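[1] how would this look folded up:
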Amino acid sequence: MRRFRQMFCECSAYAAKGWRWLSDRLWWSFSLVGISSLLWLMLRSGARPSRILYPCQKVAAANVEAWVGISLIGVLARLRRKVWGFLSSRRTIAVVFAAGGLVILGLVVGKALDGTGALSARELEQAAEKMAQVLSPSSDIFVVRDGGGPDGMRHLALDRLVNLMGAHGLCFYRTEKRGIGCSPTGLVGPNDVVLIKVNCQWAERGGTNTDVVKGLIYQITQHPDGFTGEIVVADNGQDVGIGGSLDWPNSNAEDYSQSAQDVVNLFSGSYKASTYLWTRIRNQVVDEFDQKDMRDGYVLAATPDPRSNFRVSYPKFTTPYGTRISFKRGIYDSKTMTYDKERLKVINVPVLKSHSGFGVTACVKHYIGLQSQPLSDGHNRLSQGSMGTLMADVGLPTLNIIDAIWVNANPIGYSGTGPSTSYSQATRLDTLMASVDPVALDHWASKNVLMPAAVADGHTNVDSMNPGKPGIFQTYLQSAKNILLLEGYPVTTDSKSITVFNANDERPVLTNVGVDGSGNATLSWVEVAPGSFVYTVEQTDDLASAWQPAPGTAWPISATEWVSAEAIQAATRFYRLKREPAD
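    The predicted structure is shown next:
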């Protein structure tokens with residue numbers, strides 16, 4: 001019996017030792033999972049707290065909660081003899097509260113997602129409102145009405161739009177040179193790759209005006225430093241009809257036969273300019289270039305965004321000039337196996353139209369032609385914020401230009417509602433608008449351009465176009481805005497946060513005031529306002545004296561530059577520019 005007891009005690013000791021060995025290994029493994037999950041949360045959610053809503057982040061948060069909670073229990077168990085004294089300490093109380101806080105955080109995060117894995121609309125809106133208070137978004141919109149049409153390779157209204165932007169600090173050209181529209185922080189550099197996203201899904205007035213596209217390409221090629229980069233005009237017509245075309249024989253232009261391809265052909269002899277119809281690669285899933293996949297196709301996200309239930313897809317492709325473009329990551333260098341996101345500039349150029357299913361289509365909905373509909377189904381998730389998810393993931397366009405030369409102003413409930421728009425269904429407005437904020441531009445353009453046009457055409461119910469009225473248009477625009485705000489993009493639909501610059505209200509912008517080598521005064525200026533004007537330069541040596549036309553010139557003149565007829569003799573001389581209609 002004594003021998004049996006001895007053997008039993010020895011077996012028990014070995015069993016206890018084995019259990020301790022096993023429990024120690026399990027504990028350290030579990031701790032490793034907990035610490036790794038905590039580091040993952042910090043790295044992935046630190047810059048963008050909204051990522052805490054992603055499924056992988058929720059799992060990591062749960063791991064951290066379990067690790068902290070079990071650790072606390074283990075500590076209390078091992079100190080069971082001193083438990084009451086330990087529990088009475090302030091430090092323990094603080095630890096308990098901290099662990100409880102983590103558990104509560106996990107519960108809140110879990111609650112923020114409904115049963116389908118998508119953030120509820122109300123919770124999304126509340127979170128976005130708080131983020132808007134932090135970001136304090138303020139957006140500028142630039143508007144040119146009746147600014148003129150095509151003039152050779154130029155488009156006069158587009159010229160005025162670029163000048164209007166430059167006059168108020170949004171410079172088109174990135175350069176060290178001086179001039180309106182020029183700045184070291186300008187939008188387009190001399191060696192950038194500029195991707196112009198057009199609407200090519202529809203013929204006639206349903207697609208982007210090719211006169212505007214031609215004028216835009218001309219502006220890019222007139223870079224003050226000389227343009228040595230590349231221009232790509234692209235779109236994905238999806239599965240509608242023939243899948244869109246960049247070579248419609250019946251296009252949206254003064255000359256119906258002028259397609260987007262025809263426009264590009266005008267420049268391709270002197271510049272690197274091409275088109276790419278993403279429709280033909282919309283079903284091809286590929287990896288990024290740095291994953292050694294050089295095929296053209298669509299990169300597809302592994303999981304959908306839980307807020308919009310949208311799985312991001314975007315094109316990557318190689319141009320005829322050998323340039324490898326990832327829409328999300330930028331220009332790929334095969335030698336260094338790196339991307340240059342800054343060299344890729346996206347100009348989003350939608351046509352303003354009514355839409356039979358979604359009320360209005362403009363900048364935000366235009367990105368339906370960026371994703372792959374068969375792979376991502378963004379069209380059916382638009383009201384959940386799919387395009388907000390897409391823009392947040394690939395980045396906002398460098399610039400948005402709404403083409404409202406011709407619009408479809410037929411609201412839902414009337415015949416002729418867009419998106420397809422025949423020549424007879426369109427209304428001419430001769431208007432162009434631009435902004436770096438696609439949400440603000442959509443909100444303002446629908447309310448101040450499209451709705452008035454619909455009323456002028458005799459439509460009495462324009463609610464489907466009204467961003468301030470409950471409906472599908474308001475829903476999808478607000479959903480996109482909320483997601484963009486949560487991702488740190490300062491977009492807005494608040495009219496108090498939107499500043500509008502109208503070319504019709506602008507004065508001439510002086511671009512040079514100086515003295516030449518002979519001592520003569522020199523002035524040059526740029527006209528932003530639409531219309532024809534003549535000018536008179538007036539001078540005085542004393543602001544208390546009357547202004548007089550500068551001598552030596554037959555005033556008024558139509559030119560936009562002037563050199564004085566004689567050298568300045570006075571110690572101080574003042575000049576001013578007087579403008580009047582040419583008629």
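[2] Look up how far Ser139 lies from the residue nearest in space to the middle of the chain.
    Nearest residue to the geometric centre of the chain (C-alpha atoms, centre = their mean): Leu396, 1.9 Å. Computed as C-beta to C-beta, to the nearest Å, the Leu396 to Ser139 distance reads 11 Å. Every residue, glycine included, has its C-beta placed from N, CA and C.
[3] Also Leu485?
    Applying C-beta to C-beta, one obtains 12 Å for the distance of Leu485 from Ser139.
[4] list the residues that contact both of the two?
    Shared contacts of Leu485 and Ser139, defined by C-beta atoms under 8 Å, 6 or more residues apart in numbering, are found at Val491.
[5] Looking at the two, which has the bigger crowd around it?
    Of the pair Leu485 and Ser139, Leu485 is the one with more neighbours under other C-beta atoms under 10 Å, namely 28 against 22.
[6] would you list every one of the strands in the stretch 151-300 of the chain?
    Read by DSSP state E, counting those that start in this stretch, the stretch 151-300 of the chain holds these strands, from start to end of the chain: 154-155, 173-174, 182-183, 193-197, 230-235, 272-277, 285-286, 297-300.
[7] For the second one, name the packing helices and strands.
    Read that as strand 173-174. Secondary structure elements in contact with strand 173-174, counted by 3 or more C-beta pairs under 8 Å, 6 or more residues apart in numbering; DSSP states H and E, are strand 182-183.
[8] In the stretch 301-450 of the chain, mark out all the strands, start to finish.
    Ranges of strands in the stretch 301-450 of the chain, per DSSP E, counting those that start in this stretch, are 313-318, 324-326, 330-333, 338-340, 344-348, 351-355, 359-361, 399-408, 427-435.
[9] Give the partner strands of the first one in its sheet and their orientations.
    Strand 313-318 has its sheet partners listed here by DSSP bridges as strand 297-300 (antiparallel), strand 324-326 (antiparallel).
[10] quick one on the thing from earlier: overlap in contacts, Leu396 and Ser139.
    A shared contact of Leu396 and Ser139, defined by C-beta under 8 Å, 6+ apart, is any residue touching both; here these are 436-437, 491.
[11] With respect to Ala426, which of those is nearest?
    Sorting those by distance to Ala426 puts Asp437 at the head of the list, at 26.4 Å, by C-beta to C-beta.
[12] circling back to that earlier point, so the residue nearest to the centre of the chain versus Leu486, what's the distance?
    In this structure, Leu396 and Leu486 are separated by 14 Å, where distance is defined by C-beta to C-beta.
[13] now Val188
    In this structure, Val188 and Leu486 are 29 Å apart, going by C-beta to C-beta.
[14] Also Thr175?
    When C-beta to C-beta is the yardstick, Thr175 and Leu486 sit 35 Å from each other.
[15] thinking again about what came up before, nearest to His443, of the strands of the stretch 151-300 of the chain?
    Using C-beta to C-beta as the criterion, the shortest distance between His443 and these is 19.7 Å, found for strand 193-197.
[16] how far does the closest one sit from the chain's center?
    Taking the mean C-alpha point of strand 193-197 and that of its whole chain, the gap between them comes to 13 Å (C-alpha atoms, centre = their mean, to the nearest Å).
[17] could you dump it to CSV, C-alpha only?
    As requested, C-alpha coordinates have been extracted for strand 193-197 and formatted as CSV (Å, rounded to 0.1, in the frame of the first residue of the first chain):
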residue,chain,number,x,y,z
VAL,A,193,0.5,60.7,-67.2
VAL,A,194,-3.0,62.3,-67.5
LEU,A,195,-5.9,59.8,-67.6
ILE,A,196,-9.1,61.5,-68.8
LYS,A,197,-12.1,59.5,-67.6
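[18] tell me what it is packed against?
    helix 210-221, strand 230-235, strand 344-348.
[19] still on that earlier bit, same list, the strands paired with strand 313-318, but as JSON lines with mean neighbour count, mean pLDDT and distance to Thr421 please.
    Below are the strands paired with strand 313-318 laid out as JSON lines (neighbours: other C-beta atoms under 10 Å; pLDDT from 0 to 100; distance: least, C-beta to C-beta, whole Å):
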{"stretch": "strand 297-300", "mean neighbour count": "21", "mean pLDDT": "98", "distance to Thr421": "28"}
{"stretch": "strand 324-326", "mean neighbour count": "21", "mean pLDDT": "98", "distance to Thr421": "30"}
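[20] between those strands, which one is nearest to Ala253?
    Closest approach to Ala253 among the strands paired with strand 313-318 is made by strand 324-326 (26.6 Å; C-beta to C-beta).
[21] Hmm, Trp562 is touching Thr536, no?
    No - the pair formed by Trp562 and Thr536 falls short of the contact definition of C-beta atoms under 8 Å, at 9.5 Å.
[22] The two: which has the busier surroundings?
    Shown here are Trp562 and Thr536; by other C-beta under 10 Å, Trp562 has more neighbours (22 against 17).
[23] what's the domain layout of the chain?
    As given by automatic domain parsing, the domain ranges for the chain are 2-112, 141-503, 507-581.
[24] Lowest average confidence across these, which one?
    Mean pLDDT is lowest for domain 2-112 out of those, coming in at a mean of 52.
[25] Could you pull out the helices in the chain for me?
    For the chain, helices defined by DSSP state H occupy the ranges 2-45, 55-78, 83-87, 90-111, 121-135, 156-167, 210-221, 260-267, 373-376, 386-394, 438-445, 451-456, 472-486.
[26] Next, the angle helix 438-445 makes with the last one.
    What that stands for is helix 472-486. The directions of helix 472-486 and helix 438-445 differ by 150 degrees, with axes from the mean of the first three to the mean of the last three C-alpha atoms, to 10 degrees as the criterion.
[27] now helix 472-486, how far from the chain's geometric center?
    Here the centre of helix 472-486 is set off from its chain's centre by 13 Å, with C-alpha atoms, centre = their mean.
[28] Near Gly322, how many other residues are there?
    Other residues near Gly322 come to 9 when the count uses other C-beta under 10 Å.
[29] give the contact list for it.
    Applying C-beta under 8 Å, 6+ apart, we find Gly322 in contact with no residue.
[30] ok, now how distant is it from Glu342?
    From Gly322 across to Glu342, the span is 20 Å (C-beta to C-beta).
[31] do the same with Thr303
    Separation of Thr303 from Glu342 (C-beta to C-beta): 28 Å.
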